[in-house]
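Chemist: A predicted structure for the sequence below; I have some questions about it.
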Amino acid sequence: EVQLVESGGGLVQAGGSLRLSCAASGFAFENLVIGWFRQVPGKEREGLSCIDGRDGRTNYTDSVKGRFTISSDRAKNVVYLQMNNLRPEDTALYYCAASLFGSTWYPIAPIHYDSWGQGTQVTVSS
């Protein structure tokens with residue numbers, strides 16, 4: 001079973017940056033697709049980005065293209081989400097998730113992911 005722990009959330013002013021981390025254990029990163037999601041109360045969980053540990057391919061949802069960058073440190077089994085030019089509407093609980101049999105060619109949707117972290121809160125003030 002894959003265990004995931006997110007960190008790096010916090011309070012930031014609009015226009016600022018944060019880097020979220022997702023530490024994976026229980027399975028080598030090169031066998032996984034790791035995705036980042038976010039959710040606000042009353043709304044569905046939104047897929048943001050994903051990275052394939054097998055070939056490094058990445059994918060982004062349109063709402064974060066050009067502002068968010070996903071990357072990985074294979075040696076540490078950590079995936080990062082660098083978030084720049086943050087907006088108040090980016091305020092949410094951010095999750096990372098792992099997929100053993102997924103692909104970055106799939107839509108970034110929760111149904112394709114098997115294991116989830118507990119989330120880290122990001123709050124962007126105006």
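Modeler: Nice, thanks for sending it over.
Chemist: in the protein, where is pLDDT below threshold?
Modeler: Within the chain, no range satisfies pLDDT under 70.
Chemist: the strands in it, which residues?
Modeler: 3-7, 10-13, 18-25, 33-39, 46-52, 58-60, 68-73, 78-83, 92-99, 115-116, 120-125 (DSSP state E).
Chemist: what lies in contact with the fourth one?
Modeler: With contacts defined as C-beta atoms under 8 Å, 6 or more residues apart in numbering, strand 33-39 is touched by 20, 22, 24, 45-53, 68, 70, 72, 79, 81, 90, 92-99, 102-104, 108, 110, 112-113, 119, 122. Any C-beta I mention is one placed from the backbone N, CA and C, and that applies to glycine too.
Chemist: and with 7 Å instead?
Modeler: Strand 33-39 has contacts (C-beta atoms under 7 Å, 6 or more residues apart in numbering) with 22, 24, 45-53, 70, 79, 81, 92-99, 102-104, 108, 110, 113.
Chemist: got the buried residues for it?
Modeler: For strand 33-39, burial by neighbour count (16 or more other C-beta atoms under 10 Å) applies to 33-38.
Chemist: number of nearby residues for Thr69?
Modeler: 16 (other C-beta atoms under 10 Å).
Chemist: next up, the contacts around the closest residue to it other than its chain neighbours.
Modeler: Leaving aside its chain neighbours, Thr69 sits nearest to Gln82 (4.4 Å; criterion: C-beta to C-beta, 6 or more residues apart in numbering). Contact analysis of Gln82 by C-beta under 7 Å, 6+ apart lists 19, 68-69.
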